[in-house]
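# quick one, fold the following:
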Amino acid sequence: MTAISDRLAFFDTLSDAARAITLPLFRSGVSAQNKAPSEGKPGYDPVTQADVEAERELRRLIRAQFPDDSIEGEELPDHVGSNAFSWTLDPIDGTRGFVAGVPVWSTLIALSQDDQPVLGLVDLPAMGIRALGDLSNKPTSTLIRDDGTSTPLSVRTIERLSDARLGCTQPFGMFGPGELAAYKIIQSGVAFSRLGLDAFGYVLLAQGRMDLVIEAEMKPCDVRALMPVVIGAGGVITDWHGGNPKDGPRLVACGSPDLMPELYTYLGRAMT
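Model prediction:
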C-alpha cells in the first residue's frame, strides 16, 4: 500500500472511534461550556465533553499509527510532525446543533500532504452516513451508509443563478455587515435557501441536492475535510476571491463552475 492508501484505510478506524464517544452523548444529552471568554472573544462558542474526549482519542490513534504525522484540531494544541502529512480534526462540527439535539452535526477529518487537503471525511453519525472525498489520484467522492452500501457523489450543474438552491449555516451569526449585504444580494436571486446545515450542506451539494453554499468565520478544521468531498464530486470550493480556501475564513462552494465569476462579483463587494 502507498502512504496515502495506508492513511485512507485508517479513516474508518478514526470515524468509528469518534462515533463511540459522540453518538451516545448526543442521544443522552450533554451540557456545553462557552469557551469564547477564555479565548478573549465575544459571543457564544460552545464546547462539550464530547468535543474534547473525541479529539483526544483521535489524536491518540493517529500518534500510535502514524507517529511522524502532524495533527491540528479544534480543541487541543497542535502536534508538529516530521513528514509531509498532517491531519486536521473537528470532532464535532456543529456543536450548537449537537447540544440542541439537531442531527446534522458531524465529525470532520482531513489529511493534507504538503499542506494541501487530499482526503476528507464528513461523518454524520446521527444520520448514519459518511461522505468521503479522495483527491490523491483521480478525484472521487462517495456517500457511505451505515448498512455498508456506497454510491458515487456528483454535483448538479445549472446554467443560471436563479435556479440555485443556496445553503448557509447562520448568516446573521457568521457574517459582518458587508458580508451579510453581499450574501443577501445573492440570496435574493436564487430559487430558495436553507439554513442551519453546518457541514451537511456541503454533502448535499456533493449529492446534487444543493447548488451553492456561502459561509464565513471558517477555520482550517472546518474547511479542509469539505474540500475533497466537494471537489471529488465535481464541484468548486474557493474563498470569496477564487483563492485556495484551506485556511478559511470565507468559503463559497458551488456545483456549477460557470457561475463562479458572477458569484465573485457579488462576494467581492463585501471586502470594500
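
# what backbone torsions are found at the residue nearest to the spatial centre of the chain?
Centroid check for the chain by CA atoms, centre = their mean gives Leu226 as the closest residue, at 4.1 Å. Main-chain torsions, Leu226, degrees, to the nearest 10: phi -70, psi -30.

# was I right about it contacting Ala199?
Yes: if you go by CB atoms under 8 Å, Leu226 and Ala199 touch, sitting 6.3 Å apart. To be clear about C-beta, it is placed using only N, CA and C from the backbone, and glycine gets the same treatment.

# could I get the buried residue list for the host helix or strand of Thr142?
Thr142 is part of strand 140-145 when elements are defined by DSSP states H and E. When burial is assessed from 16 or more other CB atoms under 10 Å, strand 140-145 yields the following buried residues: 140-144.

# likewise for stretch 6-19?
7-8, 10-11, 14-15, 17-19.

# can you pull the contacts of the residue nearest to the centre of the chain?
108, 120, 122, 199, 202, 237, 251, 253 (CB atoms under 8 Å, 6 or more residues apart in numbering).

# tell me the SS of the second one?
Using DSSP: H, G, I helix; E, B strand; the rest coil, the three-state assignment for Gly120 comes out as strand.

# so what's it bridging to?
Ala110, Gly133 (DSSP bridges).

# OK, contacts around it?
Residues in contact with Gly120 (CB under 8 Å, 6+ apart) are 108-111, 132-133, 224-229.

# count of neighbours near the nearest residue to Ile4 once chain neighbours are set aside?
Of all residues not flanking Ile4 in the chain, Ser136 sits nearest, at 4.4 Å (CB to CB, 6 or more residues apart in numbering). Using other CB atoms under 10 Å, the number of residues around Ser136 comes to 18.

# check Glu262 too.
13.

# can you pull the contacts of Gly268?
Gly268 touches 182, 240-241, counting by CB under 8 Å, 6+ apart.
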